[in-house]
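Q: for reference, the sequence and a predicted model appear below.
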Amino acid sequence: MKRMTNFIRMNKLIFQGFYDLMNEYPREVHLYTPRWISLNDEEKARCNGLYVKDFFRLENGLISCLIEDSINNDRYFAIIGVEKDIEFYSEILIPKSVTKEFFFRIVCDLAIQPRESSDKYSIENELLFESSDTEGYAGHEYDVVKKYFPSVHLFKVQEGYVESDLPLINLTGYFLCENKEGIGVGYCEEALVQYKEIFTLNFETLNYNALVRSLINLYYKDVFMDIYRCIEYLYRAYNINEIKKKLETTLNLDDVYSMVTSQLSYKFTESASINKIFQDMPSRVTTKLRNIEAFEGESKEDEWFYKVRNSLVHGRRMGKELQLEEKDWFVLLGVSLEILKMVHQYAKDHNISVDFIHQIQKN
């Protein structure tokens, strides 16, 4: 991301996107002649006081970003690409108008291009008919240019809430849960509440990119697998810490791990890890799995949960991938989110570091 402050270059960048779209236009049009959106000195100063601090490109084409207003010491969250009107009511994210200053900063710093689906005849008549060669030309109207770009929705981040200081990826997930625009599958409200809580908790050990991806995936099986991988990442750390507790040793976690794997040749297995986690989960959570129609009555909850994972990972090869009704997916995803929250809260409560968790994945 390159920050721009020269408004001649910024205007050139904005209109270059239209010139690129018109390269194969059947009629000759006057490209490259200088065109611009006018800003007064106050608007330029305000624009130069805005800083895009972070941005995130979602796999469904949406882009989110955090903007710092250095003049007023405010923070803003923006989502680019949601083409519907947003009815959004939140104490944390307050809707604001996208003024010229914000438009220039977002479009130029993030290199946002006009919509490829834009009508080229309209572009010719509204944007390319006039230029610096036209007598009396004083620049294009901002609203006319803006409508050809992906929609930008801007929110002021209200200070004083736990959510106010969340990283961008967490705020993006929180926004998706609140607005439901861009979410891949239908979620019951209970699951979205669980998601919002997990985004707010901001676990250091959790890959929030994967969690956001689970929200926008188009298939329930992919949603489940994204959540499962966030749980799976802590299997070894969870198990080794439980072993350390049983040994009642003063050795640190690294030394315990080295001892049991190198000296005792202990092998971690996924099924055993799931079994231990399910033992520690409240039964009110895990027994919900028995309400799923496809649950095999004689199975233990942890065994069936692991069987679901194997079915989705190996189902195509085995020819028997699990099929569930939507209501049963809601149950499975709800239980999975409870497990995810529990294991990452466990890591936080026991001061298990991200570095340690990452290191033991390699062995």
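A: Perfect, I can see it now.
Q: going forward, measure contacts between C-alpha atoms and count neighbours the same way
A: Will do.
Q: what residue is smack in the middle of the protein?
A: V212 (3.8 Å; C-alpha atoms, centre = their mean).
Q: doesn't Y174 make contact with that one?
A: No - here V212 lies out of contact with Y174, judged by C-alpha atoms under 8 Å, at a distance of 9.2 Å.
Q: show me where the stretch 51-200 of the chain has its helices.
A: Here the stretch 51-200 of the chain has its helices, by DSSP state H, counting those that start in this stretch, at 100-109, 120-123, 142-146, 168-179, 189-201.
Q: against which helices or strands is the last one packed?
A: Same thing as helix 189-201. helix 168-179, helix 326-349 (3 or more C-alpha pairs under 8 Å, 6 or more residues apart in numbering; DSSP states H and E).
Q: determine which of these approaches S97 most closely.
A: helix 168-179 (17.3 Å; C-alpha to C-alpha).
Q: report the buried residues of the closest one.
A: L168, I169, N170, L171, T172, G173, Y174, F175, L176, C177, E178 (16 or more other C-alpha atoms under 10 Å).
Q: the last one against F88, yeah?
A: This points to E178. Yes - at 7.4 Å, E178 counts as touching F88 under the criterion of C-alpha under 8 Å.
Q: what residue of the chain is the furthest out?
A: Extreme point of the chain relative to centroid (C-alpha atoms, centre = their mean) is E135; 47.6 Å.
Q: that one and I92, how far apart?
A: 48 Å (C-alpha to C-alpha, to the nearest Å).
Q: about what we covered before: which SSE is the residue nearest to the centre of the chain in?
A: Counting by DSSP states H and E, the element that carries V212 is helix 208-216.
Q: list the buried ones in that helix?
A: Y208, L211, V212, R213, S214, L215, I216.
Q: including pLDDT and distance to S118, could the residues you listed go into CSV?
A: Formatted as CSV, the buried residues of helix 208-216 follow (pLDDT from 0 to 100; distance: C-alpha to C-alpha, whole Å):
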residue, pLDDT, distance to S118
Y208, 97, 34
L211, 96, 33
V212, 95, 29
R213, 94, 28
S214, 93, 31
L215, 92, 29
I216, 91, 25
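Q: which stretch among the helices of the stretch 51-200 of the chain comes nearest L31?
A: Evaluated over the helices of the stretch 51-200 of the chain, closeness to L31 peaks at helix 120-123, with 11.5 Å, by C-alpha to C-alpha.
Q: CA atoms of that closest one as PDB?
A: Output in PDB follows, covering the C-alpha atoms of helix 120-123 (Å, rounded to 0.1, in the frame of the first residue of the first chain):
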ATOM      1  CA  LYS A 120     -19.100   2.600 -21.100                       C
ATOM      2  CA  TYR A 121     -21.600   4.800 -22.900                       C
ATOM      3  CA  SER A 122     -22.400   6.500 -19.600                       C
ATOM      4  CA  ILE A 123     -18.700   6.900 -18.800                       C
END
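Q: circling back to that earlier point, and the helices and strands packed on helix 189-201, which one is worst for confidence?
A: Among those, helix 168-179 carries the lowest mean pLDDT, a mean of 92.
Q: and it, what other elements does it pack with?
A: In terms of contacts (3+ C-alpha pairs under 8 Å, 6+ apart), helix 168-179 is packed against strand 50-57, strand 63-69, helix 189-201, helix 208-216.
Q: would you turn the ones you listed into a markdown table with distance to N241?
A: Output for the helices and strands packed on helix 168-179, formatted as a markdown table (distance: least, C-alpha to C-alpha, whole Å):
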| stretch | distance to N241 |
| --- | --- |
| strand 50-57 | 34 |
| strand 63-69 | 37 |
| helix 189-201 | 22 |
| helix 208-216 | 23 |
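Q: how about residues contacting the worst-scoring helix or strand of the chain on mean pLDDT?
A: Counting by mean pLDDT, DSSP states H and E, the chain has its least confident helix or strand at helix 301-318, which shows a mean of 80. By C-alpha atoms under 8 Å, 6 or more residues apart in numbering, the surrounding residues in contact with helix 301-318 are 221, 225, 228, 271, 274-275, 278, 286-287, 289-290, 295-296, 320-322.
Q: next step: these restricted to helices.
A: Among the contacts of helix 301-318, the ones falling in helices (DSSP state H) are K221, M225, Y228, S271, I274, N275, F278, T286.
Q: pretty sure the third one contacts S336?
A: Yes - applying C-alpha under 8 Å, one finds Y228 in contact with S336, separated by 7.1 Å.
Q: can you list the weak-confidence ranges in the stretch 51-200 of the chain?
A: By pLDDT under 70, the low-scoring segments of the stretch 51-200 of the chain are 181-182.
Q: hmm, 80 instead?
A: The stretch 51-200 of the chain contains residues with pLDDT under 80 at 85-89, 162-163, 180-187.
Q: quick check: buried residues in stretch 112-129?
A: I112, Q113, P114, R115, I123, E124, L127, L128.
Q: now those as TSV including distance to F15?
A: TSV is the format used below for the buried residues of stretch 112-129 (distance: C-alpha to C-alpha, whole Å):
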residue	distance to F15
I112	11
Q113	9
P114	9
R115	13
I123	11
E124	12
L127	9
L128	9
